[in-house]
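Enquirer: sharing a sequence plus its predicted fold:
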Amino acid sequence: MITFLSNLVIPALVLMIVIHGLSKKVDIYDVFVEGSKESFEMILSMFPCLLGMIFGINIFIKSGLLEFCFSFLNPLLTMIKMPIEVLTMALMRPISGSSTLAILNNVFTASGPDSFVGRLASVIQGSTDTTLYILTLYFGSIGIKKTRYALKAGLFADIIGIIASIIVVTLFFG
């Protein structure tokens, strides 16, 4: 029953919009085409920001800098019970959601979703956000140059999410 109702949500929403447009005597098709034109312009304005971000991420990953830094952090990570695989994910999460999903998939393949590492990676995935992606893409696409406190607040929230994930997963599953 739930699946049937959830399959009806979007068609019902579209139908409500069409009925509302007809009741207000709006030319629905012309408004739809105009909205499509505006979205195409928005995509074109967002593309340079997205391309620059992807380029920067690939340079960072392919340079080997991440692995070099991890070699020094291994004793600290062992002390706080944070597997090195999860650290990669925690550092990449503010930058890219799709890369962290790939890392999460690798963690699941190597350790399993019900392992400590799998659970910790899952909780970190759900407790953090793609802060730099959001700032680059959305702020850049509308021309905001000074992010003021948005970057600091977003990264602080990510750090708190990672720390809370380690504590909660260690308490419940450690």
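Expert: Cool, got the structure.
Enquirer: count of residues packed around residue 158?
Expert: The burial metric for residue 158, expressed as a neighbour count using other Cβ atoms under 10 Å, is 21. Every C-beta, even on glycine, is put in place using the N, C-alpha and C of the backbone.
Enquirer: that one and residue 135: what is the separation?
Expert: Taking Cβ to Cβ, to the nearest Å as the criterion, residue 158 is separated from residue 135 by 12 Å.
Enquirer: beyond the helix or strand harbouring residue 51, next helix or strand please.
Expert: In this assignment (DSSP states H and E), residue 51 forms part of helix 28-62. Along the chain past helix 28-62, the next helix or strand (assigned with DSSP H and E) turns out to be helix 65-79.
Enquirer: please name every helix or strand in contact with that next one.
Expert: Taking 3 or more Cβ pairs under 8 Å, 6 or more residues apart in numbering; DSSP states H and E as contact, the helices and strands that helix 65-79 lies on are helix 84-92.
Enquirer: chain center to the helix it packs on, what's the gap?
Expert: When distances are taken as Cα atoms, centre = their mean, to the nearest Å, helix 84-92 is centred 14 Å away from the chain's centroid.
Enquirer: list the buried residues in it.
Expert: When neighbours are counted by 16 or more other Cβ atoms under 10 Å, the buried residues of helix 84-92 are found to be 85, 86, 87, 88, 89, 90, 91, 92.
Enquirer: residue 126: what's it in contact with?
Expert: Residues in contact with residue 126 (Cβ atoms under 8 Å, 6 or more residues apart in numbering): none are found.
Enquirer: quick one: furthest residue from the center of this structure?
Expert: When distances to the mean C-alpha position of the chain are computed (Cα atoms, centre = their mean), the maximum falls on residue 25, with 39.9 Å.
Enquirer: residue 31 versus that one, what's the distance?
Expert: When Cβ to Cβ is the yardstick, residue 25 and residue 31 sit 12 Å from each other.
Enquirer: any chance you could list what contacts stretch 79-92?
Expert: By Cβ under 8 Å, 6+ apart, the list of residues contacting stretch 79-92 from outside reads 61, 66, 70, 73-74, 77, 99-100, 103-104, 106-107, 110-111, 116-117, 120-121, 124-125, 128, 162, 166, 170, 174.
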